[in-house]
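> Could you work out the structure for the sequence below:
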Amino acid sequence: MKKIFALFVLSFALVLASCGRRGEVSIVYTNDVHSYITKNLSYGNVAALKQDLLAQGKNVALVDAGDFIQGTVFGSMDQGANVVKFMNAAGYDLAVFGNHEFDYGMERALDVIKEAAFPLVACNFVHAKDSKPVVAPYKILKLGKSRVAFVGIMTPETYSKTSPKHFMDKDGKTFLYKIYGCDDSEELYSSVQKAVDQAARKADYVVALGHLGVDESAAPWRSEDVIARTHGIDVFIDGHSHTVMEEKFVKNDKGQEVLLTQTGCYFDAIGLVELNGGQKSSRLIKEYKSSDAQVDALVQDWKAQIDKQMGTKIASCDFPLCAYSPVGNHERLVRKQESNLGDFVSDAFYWHFNFVEGLDCDIALANGGGLRSDIPAGDVTYSAVKTVLPFGNDVCLVELTGRQIFDALEFGARYVGVAENGGFMHAAGLRYKIDATLPSAVQTNSEKFWTGNPGPYRVSDVQVYDKKSAAYVPLDMEKTYAVAGLSFTLREMGDGFAMFEGVKAIKNYAGEDFIIAANYAKAFANGGMDANALPKISSQNSPLASYKNYLLNYESPTGAGRIAIKR
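Predicted coordinates:
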């Protein structure tokens, strides 16, 4: 009896000691920065916030929930090397892989592990051959008297939202790396639970540092799905879906509430989680006046280098690629009819997914309102392409039905012959007709979002390029197509394209629009170079010229005849 009583006292003492260690902890976090290093917030602000909290006597950790090295020219120019330097200088303690950490290939992703002064964690990322983890499943940080375990969780969507080839051997036949959850969602839940159980034995708090998101299309791999099927997690710091979620409580499989939070994206906010015993809260900081001077200096130096590189010549062109009419009153062609610039940009999106990503894109769409300037004849620079596409929009690939595509073309054509329209759709892998003599029957709500069209339709004879037959075939209203374009239009319903609501993403972020267009210009090198050894833009030099019967005519300001308008 005395022995049992002694064991009881010892156990109770251990519990009290553990409870005593669950002291006050502050966790500063970022997610989905996507190399937007010069927005309203920056790595200098992050560094200053951490330092200020430490000066107040707080126990502080600084972590990132993924997608930090890719997205803008500041990341793509050196494959994220300088971004990692900024994070090192800011004092990051931990990060998890986002899917876009793999966009430059597996070798580059593994190099990031070496370059980072902070560990990367992921409990469901393993070598396919022996199931050994690629990085540690979790990491425990000693923060004051408390031990906080951070369990890393990668999204199984990484295969499809970067490229599966990055995880395979050089022949593309065998997977060398595996992400638990891809084949069976239970593998994801069990790998998380295993890591949480191991970490909980040594830690006072368990924080999931995940890159899963809450998009419906990501089910059953969402952060909420993981929380609902596991236990032992106190806080889930999330990323991936770019959701602004200051503080949400989700019940785990034992009915206990787990704090779920996410900042949104692109440094629009910095997250701050506060833990103190059983209490937990989070808030989003959207303004912070203090900034670390040393980190700022590193960022500004890189920005200056990039600004200089933006003048780099990447191609040449003997003719202008026209957003505006080259004759008359120089009206904006791209908002009312086909132009060679509209063809070029939509072709760039189409080329990227078919030739670079290998994701078999059927169609690409580019709204005229996003094309802001001509590319003049002569040398083409990064700056010239950025002037055309200045907004830094994401390029994505989604699944659309033939009916959604048809409705989108109709919605874009509703003002043809009457007025300009930023939603006018340029297309790659597609051709169609518009009868501008018919009045538009498109219906919208008070916010100018599409609500339907009782008919008649101005758009007709929509045909999709079939790569196998090398012919344009009629659009099938019931068929599902892989369609590339800007997230602004396809995922955010920009310009009122409400027929795209709830679309399923195949890849929700492929890169910044102007980078993809610039890379397309550089790809003309395979067709021919000019006297100065620059890729020469022409219809015959396009990588897409390898597609027999594909409509190309960059030499004409009005394009290749993909959009025929009856006036």
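
> just for the stretch 451-567 of the chain, where's the confidence low?
Scanning the stretch 451-567 of the chain for pLDDT under 70 picks out nothing.

> The chain now?
Low-confidence segments of the chain (pLDDT under 70): 1-21, 160-161, 163, 217, 446-447.

> which element is the residue lying closest to Tyr266 once chain neighbours are set aside on?
Excluding its sequence neighbours, the residue lying closest to Tyr266 (C-beta to C-beta, 6 or more residues apart in numbering) is Tyr36, at 4.2 Å. Just so you know, the C-beta spots here come from the backbone N, C-alpha and C atoms, and that holds for glycine as well. Under the assignment given by DSSP states H and E, Tyr36 is not contained in any helix or strand.

> What about Tyr36, how many residues nearby?
Using other C-beta atoms under 10 Å, Tyr36 is surrounded by 22 other residues.

> pretty sure it is touching Gln70, no?
No: the pair Tyr36 / Gln70 is not scored as a contact, 10.8 Å apart, by C-beta atoms under 8 Å.

> Which residues are in contact with each of those two?
The contact sets of Tyr36 and Gln70 do not overlap (C-beta atoms under 8 Å, 6 or more residues apart in numbering).

> re earlier: please give me every residue in contact with the residue nearest to Tyr266.
Neighbouring residues of Tyr36 by C-beta under 8 Å, 6+ apart: Gly71, Thr72, Phe74, Tyr266, Phe267, Gly392.

> Show me these that map onto helices.
Applying DSSP state H to the contacts of Tyr36, the entries found in helices are Phe74.

> which of the contacts of Tyr36 lies closest to Leu333?
Gly392 (23.4 Å; C-beta to C-beta).

> Just the helices from the stretch 301-450 of the chain, written as ranges.
In the stretch 301-450 of the chain, the segments counted as helices under DSSP state H, counting those that start in this stretch are 340-351, 382-388, 402-412.

> Return the set of buried residues in the second one.
Within helix 382-388, the residues that count as buried by 16 or more other C-beta atoms under 10 Å are Tyr382, Ala384, Val385, Lys386, Thr387, Val388.

> Now the two most distant members of those.
The most widely separated members of the buried residues of helix 382-388, counting by C-beta to C-beta, are Tyr382 and Val388 (10.9 Å).

> Please identify every residue contacting each of these two.
Phe514.

> one step back: just name the most buried of the helices of the stretch 301-450 of the chain.
helix 340-351 (a mean of 28; mean count of other C-beta atoms under 10 Å).

> Send over it as PDB, restricted to the C-alpha atoms.
This file holds the C-alpha atoms of helix 340-351, laid out as PDB (Å, rounded to 0.1, in the frame of the first residue of the first chain):
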ATOM      1  CA  ASN A 340      -0.700  39.200 -80.600                       C
ATOM      2  CA  LEU A 341       0.200  40.200 -77.000                       C
ATOM      3  CA  GLY A 342      -3.000  38.400 -75.700                       C
ATOM      4  CA  ASP A 343      -1.900  35.300 -77.700                       C
ATOM      5  CA  PHE A 344       1.600  35.500 -76.400                       C
ATOM      6  CA  VAL A 345       0.700  35.700 -72.700                       C
ATOM      7  CA  SER A 346      -2.000  33.000 -72.900                       C
ATOM      8  CA  ASP A 347       0.500  30.900 -74.800                       C
ATOM      9  CA  ALA A 348       3.000  31.500 -72.000                       C
ATOM     10  CA  PHE A 349       0.600  30.000 -69.400                       C
ATOM     11  CA  TYR A 350      -0.300  27.100 -71.800                       C
ATOM     12  CA  TRP A 351       3.400  26.400 -72.500                       C
END
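
> tell me what that helix is packed against?
Packed against helix 340-351 by the contact rule (3 or more C-beta pairs under 8 Å, 6 or more residues apart in numbering; DSSP states H and E) you find strand 363-367, strand 425-428, strand 480-486, helix 513-522.

> List the neighbouring strands of the first one plus their orientation.
With DSSP bridges as the criterion, the sheet partners recorded for strand 363-367 are strand 425-428 (antiparallel), strand 480-486 (parallel).

> Need the three-state assignment for the residue lying closest to Ser281 once chain neighbours are set aside.
Leaving aside its sequence neighbours, Ser281 sits nearest to Glu274 (C-beta to C-beta, 6+ apart; 5.1 Å). Secondary structure, DSSP: H, G, I helix; E, B strand; the rest coil: Glu274 is strand.

> Wait, Glu274 touches Thr261, no?
No: assessed by C-beta under 8 Å, Glu274 is found out of contact with Thr261, at 11.0 Å.

> tally of neighbours for Phe319?
Around Phe319 there are 17 residues (other C-beta under 10 Å).

> any idea how far it lies from Asp374?
11 Å (C-beta to C-beta, to the nearest Å).

> what is in contact with these two at once?
With C-beta under 8 Å, 6+ apart, Phe319 and Asp374 have no common neighbours.

> Now do the buried residues in stretch 479-486.
If you call a residue buried by 16+ other C-beta under 10 Å, then stretch 479-486 has these buried ones: Tyr481, Ala482, Val483, Ala484, Gly485, Leu486.

> can you list the contacts of Tyr36 in CSV and add neighbour count?
Listed next are the contacts of Tyr36 as CSV, based on neighbours: other C-beta atoms under 10 Å:
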residue, neighbour count
Gly71, 27
Thr72, 22
Phe74, 23
Tyr266, 19
Phe267, 23
Gly392, 17
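
> and of the contacts of Tyr36, the nearest to Lys308?
Within the contacts of Tyr36, proximity to Lys308 (C-beta to C-beta) peaks at Phe74, which comes in at 13.1 Å.

> for the closest one, what are its contacts?
Contacts of Phe74 (C-beta under 8 Å, 6+ apart): Ser35, Tyr36, Ile37, Thr38, Asn82, Val83, Trp302, Lys303, Ile306.

> Quick check on those: which are buried?
Of the contacts of Phe74, these count as buried by 16+ other C-beta under 10 Å: Ser35, Tyr36, Ile37, Asn82, Val83, Trp302, Ile306.

> Reformat the residues you listed as JSON lines; add distance to Tyr288.
Shown next, in JSON lines, are those (distance: C-beta to C-beta, whole Å):
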{"residue": "Ser35", "distance to Tyr288": "19"}
{"residue": "Tyr36", "distance to Tyr288": "16"}
{"residue": "Ile37", "distance to Tyr288": "15"}
{"residue": "Asn82", "distance to Tyr288": "22"}
{"residue": "Val83", "distance to Tyr288": "19"}
{"residue": "Trp302", "distance to Tyr288": "21"}
{"residue": "Ile306", "distance to Tyr288": "24"}
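
> ok, Thr451 to Glu420 distance?
For Thr451 relative to Glu420 (C-beta to C-beta), the value is 22 Å.

> The two - which one has more neighbours?
More neighbours surround Glu420 than the other of Thr451 and Glu420, with 15 against 12 (other C-beta under 10 Å).

> quick one: the nearest residue to the more buried one once chain neighbours are set aside from Phe267, how far?
If the residues on either side of it in the chain are set aside, Glu420 comes closest to Arg335, at 3.9 Å by C-beta to C-beta, 6+ apart. Relative to Phe267, Arg335 is positioned 31 Å away (C-beta to C-beta).

> now Glu399
Distance, Glu399 to Phe267, by C-beta to C-beta: 30 Å.

> could you show me where the strands are in the stretch 301-450 of the chain, in order?
313-317, 363-367, 378-381, 394-401, 425-428, 430-435, 443-444, 450-452 (DSSP state E, counting those that start in this stretch).
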